[in-house]
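Output the structure for:
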Amino acid sequence: MANVTFDRHRYIARLKQGGVPEVQADAFASQAKALAAATKDLVSGDYLDAKLAELHVENQQIRGEMHAMKADLINGWLAF
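From the prediction side, this is the model:
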């Protein structure tokens, strides 16, 4: 998860240098900061792919264990 830092004063100064009135620059800065805060918990596609691969391995292990338990139950019933 990326940590996004936002320098509000620098952002406003750059907008003003580009000809944006201070009131608008301040409004843009408020929205940009809110957006940065809202995206703090986003993760990358690579991270999601890695987690999905881990879950797939875990799922395969569980399926193998279930298959072994099923075989044990069947063998137990056949022994009667």
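
Let me see the mean pLDDT of the longest helix along the chain.
Using DSSP state H to define each element, the chain has its longest helix at helix 45-79. Per-residue pLDDT over helix 45-79 has a mean of 94.

Alpha carbons of stretch 65-80, in CSV - could you do that?
Output of stretch 65-80 as CSV, limited to C-alpha atoms (Å, rounded to 0.1, in the frame of the first residue of the first chain):
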residue,chain,number,x,y,z
GLU,A,65,-7.1,-32.7,2.9
MET,A,66,-10.8,-33.1,2.1
HIS,A,67,-10.1,-35.7,-0.5
ALA,A,68,-8.0,-37.7,2.0
MET,A,69,-10.7,-37.4,4.6
LYS,A,70,-13.3,-38.6,2.1
ALA,A,71,-11.2,-41.6,1.3
ASP,A,72,-10.7,-42.4,5.0
LEU,A,73,-14.5,-42.3,5.5
ILE,A,74,-15.2,-44.5,2.5
ASN,A,75,-12.6,-47.0,3.7
GLY,A,76,-14.1,-46.9,7.2
TRP,A,77,-17.6,-47.7,5.8
LEU,A,78,-16.3,-50.5,3.6
ALA,A,79,-14.6,-52.1,6.7
PHE,A,80,-18.0,-52.7,8.4
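
does Leu15 count as helix, strand or coil?
Look at Leu15: counting by DSSP: H, G, I helix; E, B strand; the rest coil, its state is helix.

and what of Thr5?
Judged by three-state DSSP, the three-state class of Thr5 is coil.

Is the residue most central in space within the chain part of a helix or strand, or is it coil?
Nearest to the geometric centre of the chain sits Val43, at 3.0 Å (CA atoms, centre = their mean). Classification of Val43 by three-state DSSP places it in coil.

What residue spans form the domains of this structure?
Domain segmentation of the chain under automatic domain parsing yields 1-42, 43-80.

and among these, the most buried is which?
A comparison of the domains of the chain by mean neighbour count, using mean count of other CB atoms under 10 Å, puts domain 1-42 on top with a mean of 12. In this view, the C-beta of every residue, glycine as well, is placed from N, C-alpha and C.
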